[in-house]
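Engineer: Build me a model:
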Amino acid sequence: MGCVCMKQRHEREHLTVLAAQTYFKVLEIETLYELFKKLSSSIVDDGLISKEEFQLGLFRNSKTQSLFADRIFDMCDSKHDGVIEFGEFVKCLSVFHPEAPTAEKVSFAFHLYDIWQTGFIERDETFEEADLNGDGKIDLEEWNKLVDRNPSLLKNMTIPYLRDITSSFPSFVQKSDIEYDTNN
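Structural biologist: Residues are numbered from 1 along each chain as shown. Here you go, the predicted model:
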């Protein structure tokens, strides 16, 4: 009995740390865990979201190829190990939270479009309207100015349901007896 109590206390501490690092409350993180469990077991029940499971969650088809989905997956996979762990999942979703600052959304979107990860958005990555200095690439400062002129570029960077995920998806809400690897 002591082991179960210690494990639950450790899990609660982990959730509190995740809540402090994101825009979610502990109860919302518990709810996100239910979503995570569904996604991570949709092809292989291993407690990790593979690229195929991620695409299945987005498109209802694991065979659908999408550069956009690949880029988001790669950005969520902060450990670059080919899978998304629970902590990575929560931290990545946090940027789409309505409470996340615009600057975070702008930075995430910039890195999303910086396909080659050079620190610049180059001609084959997007359009010339943002290349204010005419050097054939867009840096973060130029990207910020483009977003200021075209706020609709960040339209998909906010998921309103994340403001109160427990009310939006009550079927995911369960008691605090979650079990997962707390190293995530």
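Engineer: Leaving out the residues flanking it, which one is nearest to the spatially most central residue of the chain?
Structural biologist: Centroid-nearest residue in the chain, with Cα atoms, centre = their mean: C92, separated by 2.5 Å. Once flanking residues are discounted, C92 sits nearest to C76: 3.7 Å by Cβ to Cβ, 6 or more residues apart in numbering. C-beta coordinates here come from the backbone N, C-alpha and C atoms, glycine included.
Engineer: now Y113
Structural biologist: In space, and not counting its chain neighbours, Y113 is closest to I121: 5.0 Å by Cβ to Cβ, 6+ apart.
Engineer: Do I have it right that the residue nearest to C92 meets E88?
Structural biologist: Yes: with the criterion set as Cβ atoms under 8 Å, C76 and E88 qualify as a contacting pair; they are 5.5 Å apart.
Engineer: how about the helices in the chain?
Structural biologist: Chain-ordered helices for the chain, with DSSP state H as the definition, fall at 2-21, 26-40, 51-59, 67-76, 86-94, 102-113, 140-149, 165-168.
Engineer: Dump the ones you listed to CSV, plus mean pLDDT and distance to D131.
Structural biologist: CSV is the format used below for those (pLDDT from 0 to 100; distance: least, Cβ to Cβ, whole Å):
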stretch, mean pLDDT, distance to D131
helix 2-21, 77, 35
helix 26-40, 93, 38
helix 51-59, 88, 30
helix 67-76, 88, 20
helix 86-94, 96, 29
helix 102-113, 92, 13
helix 140-149, 88, 7
helix 165-168, 72, 38
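Engineer: out of those, nearest to M157?
Structural biologist: Proximity to M157, assessed across the helices of the chain by Cβ to Cβ, is greatest for helix 102-113 (4.0 Å).
Engineer: The closest one packs against which elements?
Structural biologist: Taking 3 or more Cβ pairs under 8 Å, 6 or more residues apart in numbering; DSSP states H and E as the contact definition, the neighbouring helices and strands of helix 102-113 are helix 67-76, helix 140-149.
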